[in-house]
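Asker: task: produce atomic coordinates for the following.
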Amino acid sequence: MTDLETSLPAPTLADPRPQVTAVLTDDAQLIAACRRGEARAMERLYHQYKRRVFGMAHRIVGASDAEEVAQEVFVRVFRALERFRGDSALSTWIYRLTVNASLTHLTKRGRRKEVGDDGLTEVPAPPTAERDSALASRIEAALELLPAGYRAILVLHDIEGLSHEECSAILECRVGTCKSQLHKARARMRELLGAEIATRFAKGNSSDDV
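Answerer: Below you'll find the predicted structure:
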């Protein structure tokens, strides 16, 4: 677990997680039951992935729009299950839908930025006494300033802890491209957060990450 992950508050959903009997033992059975329209299976799929989907959406689009995006993701999931061919893991497919829905939402909202140096300035540090308590909000603010693609790879790899191979499958690009984007995204975060946070931001990331 990286310092970035531990610094951010864990997103939560208002509704509690109900207890669902684990009868459906694998993704194939779960998908088949959902395709048959079994309400219990659809409920199980939703509760199995809702927190991860909401968390990803929260990191990419922000707290105010995360619930809306998460709901859109599950609408897409249940509409598209009939066409899911199993070329990737169910989780990979759902996370891909989450990233795509989040980026689409950003585009519609007019907040997607082009990759480049324009318009990105360092996020100011609060007074020393407040720095520890304000670290999470500073990181959130820096994420808001990143181009959407950079934000997505940071969320998937550094916050969600997915491997480069998993990120590659979700983003539908080469592993080398993921590593390159992650390197650029981390560099941008260091610029935004300043030298004070740079070391803590990079701590815990293995040498093969870039």
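Asker: send me the one helix or strand Trp93 maps to as CSV with only the CA atoms.
Answerer: In the assignment (DSSP states H and E), Trp93 maps to helix 90-109. Output of helix 90-109 as CSV, limited to C-alpha atoms (Å, rounded to 0.1, in the frame of the first residue of the first chain):
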residue,chain,number,x,y,z
LEU,A,90,-15.4,-9.8,-15.4
SER,A,91,-13.7,-7.5,-13.0
THR,A,92,-11.4,-6.1,-15.8
TRP,A,93,-14.5,-5.5,-18.0
ILE,A,94,-16.4,-3.7,-15.2
TYR,A,95,-13.4,-1.5,-14.4
ARG,A,96,-13.0,-0.7,-18.1
LEU,A,97,-16.6,0.4,-18.1
THR,A,98,-15.9,2.5,-15.0
VAL,A,99,-12.9,4.3,-16.5
ASN,A,100,-14.7,4.9,-19.8
ALA,A,101,-17.9,6.2,-18.1
SER,A,102,-15.7,8.5,-15.9
LEU,A,103,-13.8,9.9,-18.8
THR,A,104,-17.0,10.4,-20.8
HIS,A,105,-18.5,12.2,-17.8
LEU,A,106,-15.4,14.5,-17.6
THR,A,107,-15.7,15.3,-21.3
LYS,A,108,-19.3,16.2,-21.0
ARG,A,109,-18.6,18.3,-18.0
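Asker: and the next helix or strand along the chain from it, what's buried?
Answerer: Per DSSP H and E, helix 90-109 leads on to helix 131-145 as the next helix or strand towards the C-terminus. By 16 or more other CB atoms under 10 Å, the buried positions in helix 131-145 come out as 135, 138-140, 142-143, 145. Glycine gets a C-beta too; all of them are placed from N, C-alpha and C.
Asker: nearest to Ala101 among those?
Answerer: For the buried residues of helix 131-145, the residue nearest Ala101 by CB to CB is Leu143; the value is 17.3 Å.
Asker: any idea how far Ile94 is from the closest one?
Answerer: Leu143 sits 22 Å away from Ile94, going by CB to CB, to the nearest Å.
Asker: cool, and Gly37?
Answerer: Relative to Ile94, Gly37 is positioned 19 Å away (CB to CB).
Asker: and those two? Which one has more around it.
Answerer: Between Gly37 and Ile94, counting by other CB atoms under 10 Å, Ile94 is the more crowded of the two (22 against 9).
Asker: what angle do whichever strand or helix holds Arg51 and helix 90-109 make?
Answerer: Using DSSP H and E, the element containing Arg51 is helix 39-61. Relative orientation of helix 39-61 versus helix 90-109 (axes from the mean of the first three to the mean of the last three CA atoms, to 10 degrees): 50 degrees.
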